[in-house]
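Asker: show me the folded form of this:
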Amino acid sequence: MHATLPLLESRRFPPLRREATTTLQVNLGYRCNQSCVHCHVNAGPSRSEMMDADTLALIPQVLAARVIGTLDLTGGAPELHPGFRALVREARALGVRVIDRCNLTILSEPGQEDLAEFLAGHGVEVVASLPCYSADNVDRQRGKGVFGRSIAGLLRLNALGYGQPGSGRVLNLVYNPQGPVLPPDQARLEADYRRELAAHFGIVFTSLFALANMPIQRFGSTLISKGQFNAYMALLQASHRDENLAGVMCRALVSVDWQGRLYDCDFNQQLGLPLGAEGGLDDVQAGEGADSVTRPGGLHLRDLLVRDLAGAPIRVADHCFGCTAGSGSSCGGALKG
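Answerer: I've put the predicted structure just below:
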């Protein structure tokens, strides 16, 4: 896999500072039952990196100490972590809003037969990947048969009240473009999704999040192989809008990797740009042929027990243009800047 970090070092992106932390986004591990082309985490069935029990136990403590209102669980497939359900129970007992970033096919994996009922029973919000309402497009991006299993998962969630008006059970869908282009207008795309999914499958959902593909890890490497990386970066930079800077997710979100290390966002996590490390991009020691890097310093989850990050500088590089281009992009969809 091609390294993308050396191509993102120009520092043309405007400087940013953190605000009060409202969301703790935790990557429980890289193991996943899928291997998607657009995956910026490079997750898959063969990945073995998973958060240990001691680090997992820090999460509820940090939520309470910093009075963080939202726990956003991601991976890989976060549900495959053996501590996933216990963590959800602890967070919900604290009154914390819990989001599960679910690939939908996990709901039909062996050993996960009661997962949908568990999520519903604990009031977990589901953010579900469905990059298109066309079977051919989804299977091309995510693997053969994934679309059919995803539809089955959505129908099961609908049957439990997810996405149903007035149910209180939130089901948001996530769209990614098929290639090196910006997402279309989110509101219009959401209307298309509602029409097509209702007409063909009787599926309902709460909202649609249109996310830009980030030029890192598996997607970035594919762009390099196809000779499309520079053109995509030029598109992102030319489409940058300053008004989107106020709403970027890194201002109020802390990303935690499977080892408990802190980052300004999930994308910085995958590039090895830790929050609180001294020095800039110049001190990166790149891993061989990949985006894995080592850096001096950096903060750990345990540091949040005693440290407030408000006002700290945010680590930026040119991949950040993926969040400010066009309508903007975040874990909650378009920024509508």
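
Asker: quick check: the residue of the chain most remote from its centre vs Gln259, distance?
Answerer: For the chain, the C-alpha farthest from the mean C-alpha position belongs to Ala199; by CA atoms, centre = their mean, that distance is 28.9 Å. Distance from Ala199 to Gln259, counting by CB to CB, to the nearest Å: 45 Å. Heads up, the C-betas are built off the backbone N, CA and C, glycines and all.

Asker: just the helices in this protein please.
Answerer: Ranges of helices within the chain are 53-65, 84-93, 115-121, 135-142, 146-159, 186-201, 217-225, 229-238, 266-271, 321-324, based on DSSP state H.

Asker: okay, these in a markdown table with mean pLDDT and distance to Leu173 next?
Answerer: As requested, the helices of the chain are arranged in a markdown table below (pLDDT from 0 to 100; distance: least, CB to CB, whole Å):
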| stretch | mean pLDDT | distance to Leu173 |
| --- | --- | --- |
| helix 53-65 | 98 | 26 |
| helix 84-93 | 98 | 21 |
| helix 115-121 | 98 | 15 |
| helix 135-142 | 67 | 12 |
| helix 146-159 | 94 | 8 |
| helix 186-201 | 96 | 6 |
| helix 217-225 | 90 | 19 |
| helix 229-238 | 96 | 23 |
| helix 266-271 | 91 | 18 |
| helix 321-324 | 95 | 19 |
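
Asker: I'd like those helices as a markdown table, with distance to Leu335 appended.
Answerer: Compiled in a markdown table, those are given as follows (distance: least, CB to CB, whole Å):
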| stretch | distance to Leu335 |
| --- | --- |
| helix 53-65 | 25 |
| helix 84-93 | 26 |
| helix 115-121 | 27 |
| helix 135-142 | 24 |
| helix 146-159 | 26 |
| helix 186-201 | 10 |
| helix 217-225 | 20 |
| helix 229-238 | 14 |
| helix 266-271 | 15 |
| helix 321-324 | 8 |
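
Asker: so which of those helices comes closest to Ser207?
Answerer: Closest approach to Ser207 among these (CB to CB): helix 186-201, 6.8 Å.

Asker: give me the helices and strands touching that closest one, please.
Answerer: Judged by 3 or more CB pairs under 8 Å, 6 or more residues apart in numbering; DSSP states H and E, the packing partners of helix 186-201 are helix 146-159, strand 171-175, strand 207-210.

Asker: residues in contact with that helix?
Answerer: 130, 133, 151, 154-155, 173, 175, 183, 203-205, 207-210, 327, 333-334, 336 (CB atoms under 8 Å, 6 or more residues apart in numbering).

Asker: ditto for stretch 237-251
Answerer: For stretch 237-251, contacts defined as CB under 8 Å, 6+ apart pick out 12, 14, 16-19, 23, 182, 264-265, 268, 314, 318, 320-321, 323-328, 330-332, 335-337.

Asker: and stretch 155-162, by the same measure?
Answerer: Applying CB under 8 Å, 6+ apart, the contact partners of stretch 155-162 are 107, 116-117, 119-120, 126, 128, 163-164, 167-171, 201-205.

Asker: weed out the non-buried ones from those residues.
Answerer: 107, 116, 119-120, 126, 128, 163-164, 169-171, 203-205 (16 or more other CB atoms under 10 Å).
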